[in-house]
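[1] sequence plus the predicted model coming up.
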Amino acid sequence: MQIGILYVDDEVNNLNSFKAAFRRYFNIHTAQSAREGRKILEAEEIGVIITDQRMPGETGIEFLESILPIYPDTIRILLTGFSDINAVMGAINRGQVYKYLVKPWQDDELKMYIQNALELYNLRKENKDLAQKLKIATMELEMLSAREKI
């Protein structure tokens, strides 16, 4: 199954444009609010989250910060129509944002960033799997060594 890309934006036109531009390349999920985004995260494997900064109820940074403990491996991209330096610093520091982009996006540029983010997600996932396998192998070796001493 292809790993999903989640785009969260309160503007339906942006969601439709995003889906139209990228659905041929990626497994796209869209949400009109942080709440909808959380429901998708619970149901799907999402590797990359792209969110608008300025949304009613919860900003993009607040959303990313709130899901960080539950989904630490997802790659986060903040997209906004406003170049606000405080938002940029908050995104990087609190939401651990991989990339900060200004609307309107350029399809080719955003596609490249999504591809890079998916690659990073897959590498993180692979590293976790390898670390787990190493931990199990080490425990098995320790048990064998302990048996030989008996």
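    Cool, the structure landed.

[2] check which helices and strands the longest helix seen in the chain is in contact with.
    Looking across the chain with DSSP state H, the single longest helix is helix 107-149. With contacts defined as 3 or more Cβ pairs under 8 Å, 6 or more residues apart in numbering; DSSP states H and E, the packing partners of helix 107-149 are helix 12-22, strand 46-52, strand 75-80, strand 99-102. Any C-beta I mention is one placed from the backbone N, CA and C, and that applies to glycine too.

[3] ok now that helix, how far from the chain's centre?
    17 Å (Cα atoms, centre = their mean, to the nearest Å).

[4] can you list the weak-confidence ranges in the chain?
    1, 82-95, 150 (pLDDT under 70).

[5] unless I'm mixing things up, residue 38 is touching residue 58, no?
    No - Residue 38 lies out of contact with residue 58 (Cβ atoms under 8 Å); the separation is 10.1 Å.

[6] closest one to residue 121 among the helices and strands packed on helix 107-149?
    Proximity of the helices and strands packed on helix 107-149 to residue 121 was assessed by Cβ to Cβ; the nearest stretch is strand 46-52, lying at 3.8 Å.

[7] from the chain's centroid, how far away is the helix or strand following that closest one?
    Going down the chain from strand 46-52, the next helix or strand is helix 60-67, by DSSP states H and E. Centroid separation between helix 60-67 and its chain, computed with Cα atoms, centre = their mean, is 11 Å.

[8] give me the buried positions along helix 60-67.
    60, 61, 62, 63, 64, 65, 67 (16 or more other Cβ atoms under 10 Å).

[9] so the second one touches residue 79, yeah?
    In other words, residue 61. No - counting by Cβ under 8 Å, residue 79 is not a contact partner of residue 61; they are 11.8 Å apart.

[10] shared neighbours, these two?
    The contact sets of residue 61 and residue 79 overlap at residue 53 (Cβ atoms under 8 Å, 6 or more residues apart in numbering).
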